[in-house]
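Student: Structure, please.
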Amino acid sequence: QTDGEGITIGECCRKLGGTDVVDEPTTALQITADDPRGVQVGGHVYAPTGLPFTKRLKQIVINVTAAGEDGPDYKPLGRSADKENDTDTAPGATAASNQLLRLEVNNWAKIKTRDALIFLPGFNSWLKHSAETLGQMVAMTKLSRHVYPVLFSWPGGQIPSYRHASFISATETNRRHFLQMLRGLQQEGIQNIHIVTHSLGVQTLMGAFDVDRSSNNVSDCFRSAPAFADTSSSAAELGKLVCRTITMLNPDFPVPAFREHGFKSIRRVCRCITVVGDKNDQALWWSGVINGACNALKCDPPTVLDSVARRQETGFNFQQPIGRDIESLYIDGGLSDDSVATFEHKPKDSGAHDVSLHSTKKNSGNIAWLDLDVIDTTGLDTNVNDLRHAAFSVNSILLRDIEELVVTGKRARDRTTLLHKGGNVYEHCHAPSFVKPE
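Tutor: Numbering: from 1, shown residues only. Have a look, this model is predicted:
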């Protein structure tokens, strides 16, 4: 095992015989393995004639497992001269000048890999637009140094098909494709996963982790979060994926369904869950109107969006999404049980968050805050359009916070740019754009 730094095959080439290698570092072949695309070979081997390139194959095999104190074991194999293109050979060129080195690495073992950041785009976001959005977010941060960005694109629909897109997002086909992607990442040696959703993409996430499924293979791919882990089965979870963070940007998911079963389904596999919302999000306002009207007309929603509270409603009721009604992510104290982790804020100098099942007070009611961080972006006013629904790819304040969250895994109370408002809600510490120095 090696990280590939400082390995040259200059001496290896001399063992082949008939090939002269210039000793200057600028012309030596160098092998590097720190590139995410794989093993990279750079530089040129110059023949006696000075020609920088040659024709036919000459193979070099590096057997990593046979490496001793002197480094990897280099073994030259067959060599073949270019007999078909002798007319292209420069005058005075030797047979060695018509040969090309081919590198083969046997038993190569990776010793380090980055985390994977999976982005689930929202409604009315086609593949090209989703790729541009993710690329913009990565380009304006340093996330590419720490994670492999992965785009999970699903049929997001267009404006007239909003309700249909909601059903598609939580289908069994979508869940199966998501599971296939996770297994592919696992086969490539990636263990740590970060999930970022935007808008309707959260319904794909919830559909994949739906706890009501008789057999949920997506949840089975991940280790259980600490509060839900079974110590007796810890050995069986060693090879599973680890969900480091789940970040939901302007999520379009009804509050009652999230309280009843949505939160529990993702909290079982991840301890660091963040909701980024805006009280003035216009896209989510229209979502609330459309879904409220459909509920009044007795049009059943997808199973993952259904709840007891919705079925008990009569007439038209505006359906509040969690990305807009950000101060309602709690449950009544009487409904709390050991299967739902709740939140307890502590000052920064008192240690990390605790998962507490004790209720806290909100006004005069006895409620338990869900164990997640809610980031209120209502006060952001730079690089935010009138829709206030997709600032995460251009707003530098929000981007830096997302970067710190993914790279460090810190909860909101430990991130330096946030202020605690109350309960599990935080906001960014910044001056409004109209404030100017005198």
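
Student: wait, doesn't residue 273 sit right on residue 267?
Tutor: Yes - with contact defined as C-beta atoms under 8 Å, residue 273 counts as touching residue 267 (6.4 Å). Where C-beta positions appear, they are placed from N, C-alpha and C, glycine not excepted.

Student: Show me the common contact partners of the two, please.
Tutor: For the pair residue 273 and residue 267, residues contacting each of them under the criterion C-beta atoms under 8 Å, 6 or more residues apart in numbering are 371, 372.

Student: which sections of the stretch 51-200 of the chain are below the confidence cut-off?
Tutor: Applying pLDDT under 70 to the stretch 51-200 of the chain flags residues 51-112.

Student: Do you have the helices of it handy? List them.
Tutor: If you assign secondary structure with DSSP state H, counting those that start in this stretch, the helices in the stretch 51-200 of the chain sit at 127-139, 162-169, 172-187.

Student: and of those helices, who's closest to residue 198?
Tutor: When the helices of the stretch 51-200 of the chain are compared for distance to residue 198 using C-beta to C-beta, the nearest one is helix 127-139, at 7.8 Å.

Student: What is the closest one packed up against?
Tutor: strand 115-120, strand 147-151 (3 or more C-beta pairs under 8 Å, 6 or more residues apart in numbering; DSSP states H and E).

Student: Buried deepest among the ones you listed, which one?
Tutor: Sort the helices and strands packed on helix 127-139 by mean neighbour count, taking mean count of other C-beta atoms under 10 Å, and strand 115-120 sits at the top with a mean of 24.

Student: What strands flank that one, and is each parallel or antiparallel?
Tutor: Here strand 115-120 is paired, per DSSP bridges, with strand 147-151 (parallel), strand 192-198 (parallel).

Student: okay, that strand in CSV with CA atoms only?
Tutor: The C-alpha coordinates for strand 115-120 follow below in CSV (Å, rounded to 0.1, in the frame of the first residue of the first chain):
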residue,chain,number,x,y,z
ASP,A,115,-16.4,10.8,1.4
ALA,A,116,-19.2,10.9,-1.1
LEU,A,117,-21.7,13.8,-1.2
ILE,A,118,-25.0,12.8,-2.8
PHE,A,119,-27.1,15.6,-4.1
LEU,A,120,-30.9,15.0,-4.7
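
Student: Contacts for it, please.
Tutor: With contact meaning C-beta under 8 Å, 6+ apart, strand 115-120 is reached by 130, 133-134, 137, 143, 146-152, 154, 181, 185, 190-198, 201-202, 204-205, 244, 406.

Student: Would you mind pulling the contact partners of stretch 280-290?
Tutor: With contacts defined as C-beta under 8 Å, 6+ apart, stretch 280-290 is touched by 162-163, 199, 250, 252, 278, 318-321, 323-324, 378, 386-389.

Student: Just the buried positions in it, please.
Tutor: Taking 16 or more other C-beta atoms under 10 Å as the basis for neighbour counts, the residues of stretch 280-290 that come out buried are 281, 283, 284, 285, 287, 288.

Student: Next step: those residues restricted to strands.
Tutor: When DSSP state E defines the strands, the subset of these inside them is empty.

Student: Keep only those of these that are in helices.
Tutor: Under the assignment DSSP state H, the buried residues of stretch 280-290 contribute 283, 284, 285, 287, 288 to helices.

Student: now those as CSV including distance to residue 311?
Tutor: As requested, those are exported to CSV (distance: C-beta to C-beta, whole Å):
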residue, distance to residue 311
283, 26
284, 22
285, 23
287, 19
288, 18
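
Student: how about low-confidence regions in the stretch 301-438 of the chain?
Tutor: For the stretch 301-438 of the chain, counting by pLDDT under 70, the residues that fall below are 333-365.

Student: Contacts only, for residue 379.
Tutor: Taking C-beta under 8 Å, 6+ apart as the contact definition, residue 379 lies against 427, 428, 430, 432.

Student: gap between the third one and residue 300?
Tutor: So that's residue 430. Note on residue 430: its distance to residue 300, by C-beta to C-beta, to the nearest Å, is 43 Å.

Student: more crowded one of those two?
Tutor: It is residue 430, of residue 430 and residue 300, that has more neighbours when counted by other C-beta atoms under 10 Å, with 15 against 11.

Student: In space, what's closest to residue 189 - neighbours in sequence excluded?
Tutor: Take residue 189 and drop its neighbours on the chain: the residue closest to it by C-beta to C-beta, 6 or more residues apart in numbering is residue 113, 5.2 Å away.

Student: what about the one you found, neighbour count?
Tutor: Neighbouring residues of residue 113 were enumerated by other C-beta under 10 Å; the total is 14.

Student: In this structure it contacts residue 190, no?
Tutor: Yes - using C-beta under 8 Å, residue 113 is in contact with residue 190, at 5.8 Å.

Student: Give me the common contacts of the two.
Tutor: Where contact means C-beta under 8 Å, 6+ apart, no residue is in contact with each of residue 113 and residue 190.
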